[in-house]
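Participant: Okay, sequence plus prediction incoming.
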Amino acid sequence: MSCEVPDRSVESKLRSKRRDDKDSRPLLVVLSGPSGVGKDAVLARMKKLGRPFHYVVTATTRPKRVQETNGVDYHFLSRKEFQKKIDKHQFLEWANVYGNYYGVPKDEITSVLSKGVDTIVKVDVQGAATIKQILPQAVFIFLIPPSVEELEKRLQKRSSESSKDLALRLEKAKGELKSLPLFDYVITSHPNKLDEVISRIDAIVAAEKCLVKPVIVEF
C-alpha cells in the first residue's frame, strides 16, 4: 500500500484564522471508517435530507458497481487517467487500497472552501491521516461498526468481494480501529439507524460552529 507525500502547497494556501462572523466559517468534515461500515449510505441519506454540504466526489480506478453512477458515487478513471492526475499533483491525497487507486480532487476542495461552503469528504483511514497532516484544522469523524461480526455481515451482504478480499478487509478493519486517536469524534454506525448517525453528525457540526473562537479554513 502506498500513499503520496503530503502536498505542502495546499497547507500554505489553507491557513487557520480566527473570526467571529459565523457565516465565514466553512468546515471541512472528513468522514472515515472501515470498508463496509456505511459511509456511502450515510452520505446518500444526508444528501436526500438536504444537509447543506458540498459533497466531494473522489476518484478511483476500481470497477464501477451496478448501483453506482459515475460522477455521483465516484469519478471512475482508468489507471492511465489516474496517473496523469498524480503527475499533475491534482489530488489532495491519493493511495493504493486493495490494488485500486483512490484520490481526493484538490481543486474541488480548495475552490469550495474559498467560497465559504461547508464541505464533507469520505476517505479511508489512510487518507484521513494524510489529510490531517495537511489540514489539521479539519473536523475528523470516524464511523465504527457495533462489532467486527456486524461488519463482516455487511461486507458479505454487499457481495462485491471475493472470500480472500473479504478476509483482507476484515483484517485491515481491525488495524484501523487502532487509529481512533487520529480522529476528533467517533460515531457507532448501527444497522438500519442512519438517521441516528446523521443526527450525531449534525450535533458535531453545530458544536464546531458554536466554538467561541473557531478555527476556520481560509485562503
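Facilitator: Happy to help now that I have it. Keep in mind it's a predicted model, so treat the numbers as computed, not measured.
Participant: low-scoring stretches of this structure, by residue?
Facilitator: For the chain, applying pLDDT under 70 flags the ranges 1-24, 158-163, 212-219.
Participant: CA atoms of the longest helix along the chain as PDB?
Facilitator: As assigned by DSSP state H, the longest helix anywhere in the chain is helix 194-209. Presented in PDB, the C-alpha positions along helix 194-209 are these (Å, rounded to 0.1, in the frame of the first residue of the first chain):
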ATOM      1  CA  LEU A 194     -28.800   6.000   9.500                       C
ATOM      2  CA  ASP A 195     -30.800   9.000  10.900                       C
ATOM      3  CA  GLU A 196     -29.300   8.500  14.300                       C
ATOM      4  CA  VAL A 197     -25.800   8.700  12.800                       C
ATOM      5  CA  ILE A 198     -26.800  11.800  10.800                       C
ATOM      6  CA  SER A 199     -28.200  13.400  14.000                       C
ATOM      7  CA  ARG A 200     -24.900  12.900  15.700                       C
ATOM      8  CA  ILE A 201     -23.000  14.500  12.700                       C
ATOM      9  CA  ASP A 202     -25.500  17.400  12.900                       C
ATOM     10  CA  ALA A 203     -24.600  17.800  16.600                       C
ATOM     11  CA  ILE A 204     -20.900  17.700  15.800                       C
ATOM     12  CA  VAL A 205     -21.200  20.400  13.200                       C
ATOM     13  CA  ALA A 206     -23.300  22.600  15.500                       C
ATOM     14  CA  ALA A 207     -20.800  22.200  18.200                       C
ATOM     15  CA  GLU A 208     -17.900  23.200  15.900                       C
ATOM     16  CA  LYS A 209     -19.900  26.200  14.700                       C
END
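Participant: Can you mark which positions in it are buried?
Facilitator: Neighbour counts over helix 194-209 (16 or more other C-beta atoms under 10 Å) mark 194, 197-198, 200-201, 204-205, 208 as buried. Just so you know, the C-beta spots here come from the backbone N, C-alpha and C atoms, and that holds for glycine as well.
Participant: Nearest residue to the middle of this protein?
Facilitator: In the chain, the residue lying closest to the centroid (C-alpha atoms, centre = their mean) is Lys122, at 1.9 Å.
Participant: can you give me phi and psi for it?
Facilitator: Dihedral pair for Lys122: phi -100, psi 130, per degrees, to the nearest 10.
Participant: Please report how far it lies from Tyr74.
Facilitator: Taking C-beta to C-beta, to the nearest Å as the measure, Lys122 falls 10 Å from Tyr74.
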